[in-house]
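**Q** Sharing a sequence plus its predicted fold:
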Amino acid sequence: MLLDQMFGNTNMWLALLKNPLTRMIGSKIIGGIQHKLTKDKIIREKEIAAATSLDIAKVGVQMEQVRQQEHSWKDEWLVVFFTLLMACHFIPFTQDAMDRGWTILQKADPMFWYIILTIVGASFGVTTMNKLKKK
């Protein structure tokens with residue numbers, strides 16, 4: 001009974017899974033995971049290249065680049081955040097809060113939106129452009 005109240009009709013959830021927006025969000029999550037795996041592969045390749053290089057100064061610079069890229073979760077956190085934000089619109093007990101949030105955000109200064117667009121554009125835009133360049 002409680003599960004029926006929380007999750008509602010099973011057909012509704014199946015329809016949600018077939019929704020193009022849900023598929024787009026899923027592809028972003030999968031893309032983020034693939035990006036992380038590719039990044040890890042590049043880091044390992046750089047470590048190997050740095051270890052075989054004879055130029056000590058160059059090795060130091062390469063190792064520092066690897067260390068800085070190794071723990072960067074910016075893109076992955078943004079994907080998770082926006083996925084959860086989008087999902088809250090479809091969970092019955094969070095819909096009122098999401099509606100109030102959009103009402104509050106309508107009063108936001110345009111500079112706020114420029115900042116948000118810059119953050120998201122810089123993260124996803126650069127990642128997407130790098131993927132397109134490789135193809």
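**A** Everything's here; your move.
**Q** Give me the residues contacting stretch 114-127.
**A** Applying C-beta atoms under 8 Å, 6 or more residues apart in numbering, the external contacts of stretch 114-127 come out as His35, Lys74, Asp75, Leu78, Phe82. All C-beta spots, glycine's among them, are computed from the backbone N, C-alpha and C.
**Q** mind putting those residues in a markdown table, neighbour count, secondary structure and distance to Trp102 included?
**A** Shown next, in a markdown table, are the contacts of stretch 114-127 (neighbours: other C-beta atoms under 10 Å; DSSP: H, G, I helix; E, B strand; the rest coil; distance: C-beta to C-beta, whole Å):
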| residue | neighbour count | secondary structure | distance to Trp102 |
| --- | --- | --- | --- |
| His35 | 17 | helix | 29 |
| Lys74 | 11 | helix | 25 |
| Asp75 | 18 | helix | 25 |
| Leu78 | 18 | helix | 19 |
| Phe82 | 15 | helix | 15 |
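**Q** JSON lines please, covering these and showing pLDDT.
**A** Shown next, in JSON lines, are these (pLDDT from 0 to 100):
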{"residue": "His35", "pLDDT": "82"}
{"residue": "Lys74", "pLDDT": "67"}
{"residue": "Asp75", "pLDDT": "70"}
{"residue": "Leu78", "pLDDT": "79"}
{"residue": "Phe82", "pLDDT": "85"}
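**Q** what stretches of this protein score poorly on pLDDT?
**A** For the chain, applying pLDDT under 70 flags the ranges 1-17, 50-59, 61-62, 64-72, 74, 124-135.
**Q** where exactly do the helices run in it?
**A** Along the chain, the segments classed as helices by DSSP state H run 2-7, 10-18, 20-52, 56-70, 74-88, 95-105, 110-120, 126-134.
**Q** and the third one, what other elements does it pack with?
**A** Same thing as helix 20-52. helix 56-70, helix 74-88 (3 or more C-beta pairs under 8 Å, 6 or more residues apart in numbering; DSSP states H and E).
**Q** Next, the angle helix 95-105 makes with the last one.
**A** This points to helix 74-88. Per axes from the mean of the first three to the mean of the last three C-alpha atoms, to 10 degrees, the angle that helix 74-88 makes with helix 95-105 is 120 degrees.
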